[in-house]
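Colleague: Coordinates for the following, if possible.
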Amino acid sequence: MAHNNSKYFNTGTDRLTHPFGPLFDSESRVLILGSFPSVKSREQNFFYGHPQNRFWKVIASVMDRPVPKDIPEKRILILENHLALWDSIESCEIVGSSDSSIRNARANDLRVILENSRVEQIFCNGRKSFELYNKYIQSTVGRDAICLPSTSPANAQWSLERLIGEWSVIKEYL
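Modeller: Numbers count the residues shown, from 1 in each chain. Just a heads-up that it's a prediction; the model follows:
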């Protein structure tokens, strides 16, 4: 169900609140953090909703699974492979989907995941997520994160094959 509330969508720099919760279960061992949901993700009310974002292709390839076609298949791919998904930011000012425009960020509280799962390693999808994690979250959870190259279409210098190669490191923690 998509939200049509202005606190989830904006054209200027209004403060937006993350419209959906984390995806994890008690068997999750690796947490992957984005920065803040894109416009498309906010519309779909689910992670990595932009059709050009390569996240789902990368995870499917790393896990040797078919690329999921819909949200139920995406949930299955994440949970069956002991992964967890969320974002570093709970609310912020952002223009569209531009990570570089994020201002006045408030971090998500990762304890809900870390205290109710077997997460051993946190990975950040891209530099902005990693910067936000280190600025707002690392000291409160006492865990270092590993920065992986962004799967965003804005990260055009990374081919799908290079992304898959770099992202394969997550299998070491599963």
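Colleague: Confirm Glu73 sits in a helix?
Modeller: Yes. Judged by DSSP: H, G, I helix; E, B strand; the rest coil, Glu73 forms part of a helix.
Colleague: Give me the neighbour count for it.
Modeller: Residue neighbour count, defined by other C-beta atoms under 10 Å, stands at 15 for Glu73. Glycine gets a C-beta too; all of them are placed from N, C-alpha and C.
Colleague: Can you give me the buried ones in the helix or strand bottoming out on mean pLDDT in the chain?
Modeller: Least confident helix or strand, the chain: strand 15-17 with a mean of 84, by mean pLDDT, DSSP states H and E. For strand 15-17, the buried set under the neighbour-count rule, 16 or more other C-beta atoms under 10 Å, comprises Leu16.
Colleague: Mind listing the strands that strand pairs with, and their directions?
Modeller: Strand partners for strand 15-17, identified by DSSP bridges, are recorded as strand 89-93 (antiparallel).
Colleague: where in the protein is pLDDT low?
Modeller: 1-14 (pLDDT under 70).
Colleague: swap the cut-off to 50 and go again
Modeller: Applying pLDDT under 50 to the chain flags the ranges 1-10.
Colleague: so Ala105 makes contact with Tyr136?
Modeller: Yes. Counting by C-beta atoms under 8 Å, Tyr136 is a contact partner of Ala105 at 6.5 Å.
Colleague: what do these two both touch?
Modeller: By C-beta atoms under 8 Å, 6 or more residues apart in numbering, Ala105 and Tyr136 have these common neighbours: 88-89.
Colleague: Those two: who's more crowded?
Modeller: Ala105 (20 against 16).
Colleague: Would you map the strands across this structure?
Modeller: 15-17, 30-34, 83-87, 89-93, 103-107, 121-125, 145-148 (DSSP state E).
Colleague: Would you format the ones you listed as TSV with distance to Val169 included?
Modeller: Shown next, in TSV, are the strands of the chain (distance: least, C-beta to C-beta, whole Å):
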stretch	distance to Val169
strand 15-17	31
strand 30-34	10
strand 83-87	13
strand 89-93	24
strand 103-107	24
strand 121-125	8
strand 145-148	7
